[in-house]
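J.: quick one, structure for this:
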Amino acid sequence: MDSICINILGNLKKKQESLSISDNVIIDLDDEKNPVLFRIADVSVLFQEKKNFFKNISQVKIDLKSDSDSITFKGLFQFSIDNEVLEKKLDITIPNDIKMPEMQGTYTAGRSF
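T.: Numbers count the residues shown, from 1 in each chain. Model prediction:
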């Protein structure tokens, strides 16, 4: 498995559609076009690291913003390797062709050890 999935806690609605904002980043949306899940596929290819690299993920922070013109996804991924923290970033902006409502949110996830 070479992907990262982040569920949005508190959103109990089911996925209605998926928005592909790049070849590797997909956002699952509910019927009101609010995010319920973020999927980042082919992490090793995306970050140009070994396949088992993503197993060392320690924290994820995603900033998602949409307005009438665009949807912006900014991801910060932290990996703990040999007592050091390595950061990888994603910054993607696409046109808001699906008419996602205006919103701005920050979503975080961490691993408990």
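J.: please name the bridge partners of the residue most central in space within the chain.
T.: By CA atoms, centre = their mean, the chain has its centre lying nearest to residue 38, at 4.3 Å. Beta-bridge partners for residue 38, by DSSP bridges, are residue 6, residue 27.
J.: so it makes contact with residue 62?
T.: Yes: between residue 38 and residue 62 there is a contact at 5.9 Å, judged by CB atoms under 8 Å. Every C-beta, even on glycine, is put in place using the N, C-alpha and C of the backbone.
J.: what touches both of these two?
T.: Shared contacts of residue 38 and residue 62 (CB atoms under 8 Å, 6 or more residues apart in numbering): 6, 107.
J.: how far off centre is stretch 10-18?
T.: 15 Å (CA atoms, centre = their mean, to the nearest Å).
J.: ok, now stretch 16-35?
T.: That offset, for stretch 16-35, works out to 10 Å (CA atoms, centre = their mean).
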